[in-house]
Every structure is written in structure tokens, then in C-alpha cells.
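Visitor: this one's structure only:
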């Protein structure tokens, strides 16, 4: 028997509402970004921050994004 929580986080609500549809949109967007030519991973990271958050990454965020992307960014 499963139990449904009384309250959901925003992310949980989005997942329940959109699930695979939202995942498909993210995958398509990642594929398009990975196919573009970027001078460096830092250029991609700065673009993503400006596009999503309207600001540049902090030094800590930049380092974390570098670690996450690795040498060759992949759509996933």
C-alpha cells in the first residue's frame, strides 16, 4: 500500500504533473546545447546562468558547474 504525502514540494508537484513530458523537454534542450560550439565550458556555464537566472555564477557555482559538466558536456 502506498501513502500519498499531505504536502508536496514544487519539484514533486511538477514531476507528478509533467513527469516524462518535462524530462523530454530537458533532454531536447540539453541535446541542442551540447550540439552548439562553445569556446569553453565556462562560456556555456555563463550562458546557462544568464539565461536561467539572469546573473553570472558565483565562484563556488562556477567550480561546481565545471565539476558537473566534466571535459565534454553531454545532453544528460
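Guide: That came in fine, so what should we check first? Given the structure is predicted, the values throughout are model-derived calculations rather than measurements. Numbering: from 1, shown residues only.
Visitor: for this structure, what's the longest helix?
Guide: When the chain is parsed with DSSP state H, its longest helix is helix 10-35.
Visitor: So for it, mean pLDDT?
Guide: Helix 10-35 shows a mean pLDDT of 81.
Visitor: ok, then the element right after that helix?
Guide: helix 41-53 (DSSP states H and E).
Visitor: tell me which residues in that next one are buried?
Guide: For helix 41-53, the buried set under the neighbour-count rule, 16 or more other C-beta atoms under 10 Å, comprises 41, 44, 45, 46, 49. Using the backbone N, CA and C atoms, a C-beta is placed for each residue, glycine as well.
Visitor: can you redo the residues you listed as JSON lines with pLDDT and distance to residue 21?
Guide: JSON lines is the format used below for the buried residues of helix 41-53 (pLDDT from 0 to 100; distance: C-beta to C-beta, whole Å):
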{"residue": "41", "pLDDT": "92", "distance to residue 21": "29"}
{"residue": "44", "pLDDT": "94", "distance to residue 21": "25"}
{"residue": "45", "pLDDT": "95", "distance to residue 21": "27"}
{"residue": "46", "pLDDT": "97", "distance to residue 21": "29"}
{"residue": "49", "pLDDT": "97", "distance to residue 21": "25"}
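Visitor: Out of these, which two sit at the greatest distance?
Guide: For the buried residues of helix 41-53, the farthest-apart pair by C-beta to C-beta is 41 and 49; their separation is 12.6 Å.
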